[in-house]
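Trainee: just need the structure, nothing else, for what follows:
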Amino acid sequence: MTAATLPAATCSGGTRDLAGTGTLLRLALRRDRLMIPAWVVLLGLTVVSMSTTLEKLYDTPAKRADVANSMTANGSLRAIYGPVFSDTLGGLTAWRIGGFAALLAGVMSLLIVVRHTREEEESGRQELLSAAMVGRRAPLTAALLAALVANAALALLITAGLAKAGQPPGGSLALGLAVGGTGLVFAGLAAVTAQLTESARAAKGLAGAVLGAAFVLRAAGDAATEDASSPLTWISPVGWAENLRAFAGERWWVTLLFLAGTAVTVGAAYSLTARRDLGMSFLPARPGPARAPASLNGPTGLAWRLQRTTLLGWSIGFLAAGAVFGGITDGASDLVSGNEQTREIFRRMGGQQGLTDAFTSALTGMLGMVAAVYAAGAVLRLRGEETGDRADPVLAGAVGRLRWAAGHLAVAFLGTALILLLGGLGLGFTYGLTVGDVGGRLGPAVGAALAQVPAVWALTGLAVLLVGALPKAVAGTWAVVGGCLGIGWLGPAVRLPQWAMNLSPFSHLPKLPGGEATAAPFLWLLGLTAVLVAAGLVALRRRDIG
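Mentor: Here you go, the predicted structure:
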């Protein structure tokens, strides 16, 4: 009898299937003692701080009513943020950040669940644990309970934070439940994809694709109706979060949808895990060709093979995002014409040039900051290959460490430029179509998007340095990228001092289109990138692999 089949023989039936759940839960929480608190605190405080920010921006009922009417009347903005159900401060908070917080709670949940299910099986650790008295369903249960702890803590932080900030307790609780409930639904979904796929990367990709589809359905539904009543909105769990209507006559019965969605996905995951062997899946990987193509003869071809699907997904996403941004650019002046504070935010984000150019600059800046997420993930794939013991067979041959690393870095650096190029093309093309001047708008939009590349590369260089010199601290890459996102997204709204804004490399770029471009900031950022990459590669050559 193998270790993989031992739990089925010794821990079958009833509560024995859950034997060891408590121990595995404590292990999961210990392993995630940094990741879960970071997600909960950053996401929760972002929601709470949005209330204070909006109070400064719209400090009178008239201003709040004006922004609510203008935002709800614009289909493109409804697609991004959803409709505004109430012009109270709490209602504007739920509109501005509720949907994105729910989406990020889903991301947090799928990462937690996949990490403690499929990743454990893929690494072989689960087989060692299952050789002891561990029930068949214990690992899945522990992973789901870890996600429950994270989402409950997030919901509690949002509820308590907003209530302490002076918002109505009922609305605060509703928004907390909407965010946490969405996270639980996607935790169950991730549990299902972990049973279906053979690798953790595929499980995350499949769950992430469904999460993206949920956002698209919600966006399409909200673009079609002003009250979120479209069937497309109701199909999406993200749509459920907004239809709970925090601070706008709460629909408490919508919480039953979260409970039902979680019950269905978790039940499906338990049913699937009982029907497969440890390490197996219902969607096994297809066998490769008998003879490998010539492109796999070197480490660069291997790196491209490993990362091409991810790059394709990001490319499609950036092209679509650019097209959406381009569709709302022409109406930027009308949207903020009556509110000087909002106009000032876009000027701080995009410079002091014309408002439409400043709006375009702000949008391309957002694309650049999101591109840093892709670049960091592409570089950290090096560390994943290393810790997964897949780098050893490659380096055991006639392949040096620098040559091995160069393949992944080429994908990271060139891939960043590619997705930003596509984002600029999508933005410029749709903006040009709306104003009847594709030729005149395409070039500036593409140039503004590509101007973000040096800043993204600087953060990419930092990731290389951490992988080479401080491999156990590579998680710090996400902290830096997240900090830059926070500075760029919230900094102009909360009026961060200039020294704080300057901590982000994006703050040093010229505001294009419309701004004055000089070579100095680009050269400084490219020089910094070269220094960071060189230092990281030198450190990688000198340290032990693994």
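
Trainee: residues in contact with S123?
Mentor: Going by C-beta atoms under 8 Å, 6 or more residues apart in numbering, S123 touches G388. Every residue, glycine included, has its C-beta placed from N, CA and C.

Trainee: repeat for L259
Mentor: L259 touches G181, counting by C-beta under 8 Å, 6+ apart.

Trainee: quickly note the distance from it to F429.
Mentor: Distance check for L259 against F429: by C-beta to C-beta, to the nearest Å, it reads 43 Å.

Trainee: let me know whether G82 touches D222 as I believe.
Mentor: Yes. Counting by C-beta atoms under 8 Å, G82 touches D222, with 5.1 Å between them.

Trainee: who touches both of the two?
Mentor: Common neighbours of G82 and D222 (C-beta under 8 Å, 6+ apart) are A228, E242.

Trainee: V324: what's it in contact with?
Mentor: Residues near V324 by C-beta under 8 Å, 6+ apart: S76, A79, I80, G426, T430.

Trainee: does the fourth one really touch A321, like I thought?
Mentor: In this case it means G426. Yes. Assessed by C-beta under 8 Å, G426 is found in contact with A321 at 7.0 Å.

Trainee: more neighbours: these two, which one.
Mentor: G426 (24 against 20; other C-beta atoms under 10 Å).

Trainee: now the more buried one: which helix or strand?
Mentor: If you go by DSSP states H and E, G426 is part of helix 401-435.

Trainee: next one: stretch 522-533 to chain centre, how far?
Mentor: From the chain centre to the centre of stretch 522-533 is a distance of 26 Å (C-alpha atoms, centre = their mean, to the nearest Å).

Trainee: one step back: return the member of the contacts of V324 nearest to R275.
Mentor: Comparing the contacts of V324 against R275 with C-beta to C-beta places A79 closest, at 39.9 Å.

Trainee: so how many other residues sit close to the closest one?
Mentor: Around A79 there are 20 residues (other C-beta under 10 Å).

Trainee: that one contacts A220, correct?
Mentor: Yes. The criterion here is C-beta under 8 Å, and A79 meets it with A220 at 7.2 Å.

Trainee: now the element after the helix or strand of the chain with the lowest mean pLDDT, going C-ward?
Mentor: Scoring the helices and strands of the chain by mean pLDDT, DSSP states H and E places helix 6-10 at the bottom, with a mean of 38. Note on helix 6-10: by DSSP H and E, the next helix or strand toward the C-terminus is helix 21-31.

Trainee: who are the packing partners of the next helix-or-strand element following that following helix?
Mentor: Moving toward the C-terminus from helix 21-31, the next helix or strand (DSSP H and E) is helix 35-57. For helix 35-57, the elements it packs on are helix 89-93, helix 99-115, helix 138-164, helix 169-196, helix 340-350, helix 476-494, judged by 3 or more C-beta pairs under 8 Å, 6 or more residues apart in numbering; DSSP states H and E.

Trainee: same thing but at 7 Å, please
Mentor: On a contact count with 3 or more C-beta pairs under 7 Å, 6 or more residues apart in numbering; DSSP states H and E, helix 35-57 meets helix 89-93, helix 99-115, helix 138-164, helix 476-494.

Trainee: give me the contact list for the first one.
Mentor: Read it as helix 89-93. In this structure, residues lying in contact with helix 89-93 by C-beta atoms under 7 Å, 6 or more residues apart in numbering are 50-51, 54-55, 58, 64, 68, 84-85, 167-168, 171, 246-248.

Trainee: ok, of these, which come out buried?
Mentor: 50-51, 54, 58, 64, 68, 84-85, 167-168, 171, 246-248 (16 or more other C-beta atoms under 10 Å).

Trainee: where does pLDDT dip in the stretch 51-200 of the chain?
Mentor: Applying pLDDT under 70 to the stretch 51-200 of the chain picks out residues 74-77.

Trainee: can you pull the buried residues of the helix or strand encompassing E127?
Mentor: Assigned by DSSP H and E, E127 belongs to helix 125-130. Applying a neighbour-count criterion of 16+ other C-beta under 10 Å, one finds Q126, E127, L129, S130 buried in helix 125-130.

Trainee: same thing with stretch 229-249?
Mentor: Applying 16+ other C-beta under 10 Å to stretch 229-249 flags 230, 232-248 as buried.

Trainee: for that stretch, what is the distance to the chain centroid?
Mentor: 21 Å.

Trainee: same question for stretch 100-112.
Mentor: 8 Å.

Trainee: pull the residues that contact that stretch.
Mentor: Contacts for stretch 100-112 (C-beta under 7 Å, 6+ apart): 32, 39, 43, 47, 143, 146-147, 150-151, 154, 178-180, 182-184, 186-187, 190, 204, 207-208, 211, 215, 238, 241.

Trainee: got it, and stretch 515-533?
Mentor: 351, 353, 361, 454-455, 457-458, 461-462, 464-465, 505, 508-510.

Trainee: same thing with stretch 187-197?
Mentor: Here stretch 187-197 has contacts from 109-110, 113-114, 117-118, 140, 144, 147, 203, 206-207, 210, 262, 265-266, 268-269, 272-273, 276, 281-283, using C-beta under 7 Å, 6+ apart.

Trainee: can you select the buried ones from these in ChimeraX?
Mentor: To isolate the buried ones among the contacts of stretch 187-197 in ChimeraX, judged by 16+ other C-beta under 10 Å, type:
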select :109,110,113,114,117,118,140,144,147,203,206,207,210,262,265,266,268,269,272,273,281
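
Trainee: could I get the helices and strands packed on helix 35-57 in CSV, plus columns for distance to D544?
Mentor: Formatted as CSV, the helices and strands packed on helix 35-57 follow (distance: least, C-beta to C-beta, whole Å):
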stretch, distance to D544
helix 89-93, 49
helix 99-115, 25
helix 138-164, 31
helix 476-494, 20
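
Trainee: out of the ones you listed, which is closest to L312?
Mentor: helix 99-115 (19.6 Å).

Trainee: flag every buried residue along the closest one.
Mentor: Neighbour-count burial for helix 99-115 [16+ other C-beta under 10 Å]: 99-115.

Trainee: now swap in stretch 301-308 and tell me
Mentor: Buried residues in stretch 301-308, counted by 16+ other C-beta under 10 Å: L302, A303, W304, L306, Q307.

Trainee: just the ones of those residues in helices?
Mentor: L302, A303, W304, L306, Q307 (DSSP state H).

Trainee: dump those to a markdown table, plus pLDDT and distance to G326.
Mentor: Formatted as a markdown table, these follow (pLDDT from 0 to 100; distance: C-beta to C-beta, whole Å):
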| residue | pLDDT | distance to G326 |
| --- | --- | --- |
| L302 | 86 | 37 |
| A303 | 87 | 33 |
| W304 | 89 | 30 |
| L306 | 85 | 32 |
| Q307 | 87 | 28 |
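
Trainee: between these, which is nearest A378?
Mentor: Among these, and counting by C-beta to C-beta, the member closest to A378 is Q307, at 6.0 Å.

Trainee: what's the burial count for the closest residue to that closest one other than its chain neighbours?
Mentor: Excluding the flanking residues, the one nearest Q307 by C-beta to C-beta, 6 or more residues apart in numbering is V411, at 4.7 Å. Neighbourhood size, V411 [other C-beta under 10 Å]: 23.

Trainee: okay but V411 is in contact with A303, surely?
Mentor: Yes. The pair V411 and A303 qualifies as a contact (C-beta atoms under 7 Å) at a distance of 5.6 Å.

Trainee: could you say which helix or strand holds L537?
Mentor: Assigned by DSSP H and E, L537 falls within helix 519-542.

Trainee: just want the angle from that helix to helix 401-435.
Mentor: 150 degrees (axes from the mean of the first three to the mean of the last three C-alpha atoms, to 10 degrees).

Trainee: before we move on, back to that, a markdown table for the buried residues of stretch 301-308, including distance to T23?
Mentor: Below are the buried residues of stretch 301-308 laid out as a markdown table (distance: C-beta to C-beta, whole Å):
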| residue | distance to T23 |
| --- | --- |
| L302 | 38 |
| A303 | 38 |
| W304 | 42 |
| L306 | 34 |
| Q307 | 36 |
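
Trainee: right, and A165 touches S49 too?
Mentor: No. With contact taken as C-beta under 7 Å, A165 and S49 are classed as non-touching, separated by 9.0 Å.
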